[in-house]
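K.L.:
got a predicted structure here, sequence first:
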Amino acid sequence: MNPAPSTAAETEDVVEAIDLTRRFSGMVAVSGMSLTLGAGEMLGLIGPNGAGKTTMFNMIAGSLRPSAGQLLISGHDVTTAPPEDRIGYGLARTFQIPRPFSEMTLIDNLLVGGQAQVGESLIANFLRPGIVCAQERRLREKARSILDFVTLSHLETQPARVLSGGQRKLLELARVLMADPRVILLDEPAAGVNPSLLEVIISRIVELNRSGTAILLIEHNMDMVSRLCSRVIAMAGGKHLAEGSPADVAANPDVIEAYLGGTP
Ligand SMILES: Nc1ncnc2c1ncn2[C@@H]1O[C@H](COP(=O)(O)OP(=O)(O)OP(=O)(O)O)[C@@H](O)[C@H]1O
């Protein structure tokens with residue numbers, strides 16, 4: 001389903017999570033967690049292993065349904081909506097471990113994930129071949145410019161299997177950009193990436209954010225979080241533990257305690 005165009009585009013918060021809770025057969029992974037992400041903001045979500053970050057992230061992305069609470073995207077209640085509806089509202093996510101189609105070229109990896117095309121319909125191919133060709137040409141041009149943006153255009157015709165871990169993260173970002181998102185959920189973009197490619201990834205994220213894309217970043221690399229985010233939320237034990245500037249949150253005694261293995 002493609003949701004109707006939003007009248008709530010003026011809403012300041014592009015993501016508003018209210019008292020989200022998620023239980024897994026009795027175990028509470030996230031408990032009464034609220035957060036907001038403003039339009040064009042870059043927010044970091046940190047916390048020790050098992051804090052509930054991924055569960056929170058998956059509830060926002062739509063791959064997990066909350067046990068309780070409410071989730072708004074650009075003012076629309078999407079609490080029970082599937083991920084595809086959230087894409088329609090401008091929200092996209094990356095995966096911590098990208099899984100591209102290894103035997104397909106980079107450009108085809110982007111095109112296969114592209115929006116529904118007229119060309120996918122056999123009837124349209126017969127009745128409106130001109131429109132189909134024009135649309136395919138536009139999508140290809142768009143995919144090329146996105147590959148250029150993520151610095152992978154020199155590999156456009158190579159199969160995705162030749163990519164390094166960091167390049168896969170860049171391809172993953174490119175895949176997401178095909179949907180023209182207003183909000184991107186980034187799941188550990190620095191994990192397993194070598195330092196020079198990490199700088200490329202950081203510069204691309206900064207550029208996207210400068211152009212107005214809101215970003216929610218889950219990341220264990222505190223240096224990266226400090227460089228990118230003006231605001232950080234720390235979770236522990238499934239709950240909101242602290243919030244503020246990266247420096248303030250990193251110096252918060254409760255946060256230090258949680259990272260050292262104490263009970264918040
Ligand atoms: N599908 C599941 N079934 C049962 N328990 C789960 C499931 N997913 C997560 N949990 C539990 O919920 C808690 C929070 O996990 P979550 O993965 O959200 O934490 P995290 O902060 O993302 O951790 P990490 O940084 O290690 O990825 C953990 O105790 C985890 O074992």
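P.N.:
Done, it's in. Predicted model only: the values in this text are computed from it and were never measured.

K.L.:
looks like Gly47 contacts Thr55 (just checking).
P.N.:
No - using C-beta atoms under 8 Å, Gly47 is not in contact with Thr55; the gap is 10.9 Å. In this view, the C-beta of every residue, glycine as well, is placed from N, C-alpha and C.

K.L.:
for stretch 179-198, measure first residue to last.
P.N.:
23 Å (C-alpha to C-alpha, to the nearest Å).

K.L.:
low-confidence stretches in the protein?
P.N.:
The chain contains residues with pLDDT under 70 at 1-11, 113-132, 262-264.

K.L.:
quick one: name the residues of it near the ligand.
P.N.:
Selection of the chain residues close to the ligand by C-beta under 6 Å from any ligand atom yields Phe24, Met27, Ala29, Gly47, Asn49, Gly50, Ala51, Gly52, Lys53, Thr54, Thr55.

K.L.:
swap in 5 Å and give it another go.
P.N.:
Within reach of the ligand by C-beta under 5 Å from any ligand atom, the chain has these residues: Phe24, Ala29, Asn49, Gly50, Ala51, Gly52, Lys53, Thr54, Thr55.

K.L.:
now list the buried members of the residues you listed.
P.N.:
Neighbour-count burial (16 or more other C-beta atoms under 10 Å) applied to the residues of the chain next to the ligand gives Ala29, Ala51, Gly52, Lys53, Thr54, Thr55.

K.L.:
which residues are contacting the helix or strand hosting the fifth one?
P.N.:
So that's Thr54. Secondary-structure assignment from DSSP states H and E places Thr54 in helix 53-61. Here helix 53-61 makes contact (C-beta atoms under 8 Å, 6 or more residues apart in numbering) with 15, 17, 20, 22, 29-30, 33, 35, 45-47, 64-66, 71, 83, 86, 91, 93, 96, 185, 187, 216, 218, 235, 238.

K.L.:
equivalent analysis for stretch 157-166, please.
P.N.:
Contact with stretch 157-166 is made by 100-107, 109, 152, 155, 168, 171, 192-194, 197-198, 200-201, as judged by C-beta under 8 Å, 6+ apart.

K.L.:
from the ligand, how far off is Leu152?
P.N.:
27 Å (C-beta to the nearest ligand atom, to the nearest Å).

K.L.:
is it true that that residue touches Gln167?
P.N.:
Yes - using C-beta under 8 Å, Leu152 is in contact with Gln167, at 6.4 Å.

K.L.:
quick one: secondary structure of the residue nearest the centre of the chain?
P.N.:
Taking C-alpha atoms, centre = their mean as the criterion, Leu185 is the residue nearest the geometric centre of the chain, at 2.1 Å. For Leu185, the assignment made with DSSP: H, G, I helix; E, B strand; the rest coil gives strand.

K.L.:
residues contacting it?
P.N.:
Phe57, Ile60, Ala61, Leu91, Ala92, Arg93, Thr94, Ile215, Leu216, Ile218.

K.L.:
any idea how far Ile202 is from it?
P.N.:
Distance, Leu185 to Ile202, using C-beta to C-beta, to the nearest Å: 17 Å.

K.L.:
same check, this time on Leu111
P.N.:
In terms of C-beta to C-beta, Leu111 sits 27 Å off from Ile202.

K.L.:
by contact count, what packs against the lengthiest helix in the chain?
P.N.:
The residue-count maximum for a helix in the chain (DSSP state H) belongs to helix 129-149. Contact here means 3 or more C-beta pairs under 8 Å, 6 or more residues apart in numbering; DSSP states H and E; on that basis helix 129-149 packs against helix 106-112, helix 122-127, helix 165-177.

K.L.:
could you list the buried residues of the longest one?
P.N.:
To tie it back to what came earlier, the one meant is helix 165-177. Within helix 165-177, the residues that qualify as buried are Gly166, Gln167, Arg168, Lys169, Leu170, Leu171, Glu172, Leu173, Ala174, Arg175, Val176, Leu177, counting by 16+ other C-beta under 10 Å.

K.L.:
with stretch 135-142 instead?
P.N.:
Neighbour count says stretch 135-142 has Gln135, Leu139, Lys142 buried, by 16+ other C-beta under 10 Å.
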